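Participant: predicted model and sequence follow; I will ask about them next.
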Amino acid sequence: ITVADKTFVIAPATQIKYHGKAMTTAEITAKLSAGKLYATVQGTTLTDKTLRAALIIVQDGASSEQATASNEQTNPSNERAAATNEQQVRGKVTVVTATTLHIDGFANDIILNADTKVEQVGAGKLDITAIKVGQTVQVHVVLSGTAYLGQQVHIEDK
């Protein structure tokens, strides 16, 4: 996908949202054939300088968020300049400690604390110790300064 003259690779872990619902690349293609779409892309610059999309938010019209697409990828420290401080991150857990979570495809540490809510399909509310390496999770994060704070972790594996 190309946004603001930047081309991003869509990986299997890339989340694509349209009006808050998941969308496929085929659905984007179909909508593009019907007219112009706007998108905000959050992603990371890989070591080979390619851009990998982590989250694509598709809109029918331009918004103030549209202008952030190019800024997000030109910041050399990989920090994201986002129009909102809240976002969703989904992927496999690669590292988890009592205070830090790493998700495959998300370049930043996610900070966990006593306020982080944890839920699992079929098990309800749990604590941070329920999060295990290899599980698929969706995390609601809030950017505070340069730190990503985990507000809620939803463990998708039963």
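Facilitator: Perfect, thanks for sending it.
Participant: ok, the residue minimising distance to the centre of the chain to Leu32 distance?
Facilitator: Ranked by distance to the mean C-alpha position of the chain (C-alpha atoms, centre = their mean), the top residue is Val89 at 3.7 Å. To Leu32, Val89 is 26 Å away according to C-beta to C-beta, to the nearest Å. (Each C-beta comes from the backbone N, C-alpha and C, glycine too.)
Participant: tell me the strands beside the helix or strand that contains Ala53, with direction?
Facilitator: Here Ala53 sits within strand 51-59, counting by DSSP states H and E. Using DSSP bridges, strand 51-59 pairs in its sheet with strand 6-18 (parallel), strand 38-45 (antiparallel).
Participant: return the most buried member of those.
Facilitator: Most buried of the strands paired with strand 51-59, by mean neighbour count (mean count of other C-beta atoms under 10 Å): strand 38-45, with a mean of 22.
Participant: outline the domain layout of this structure.
Facilitator: Following the TED database, one gets these domains for the chain: 17-59, 86-155.
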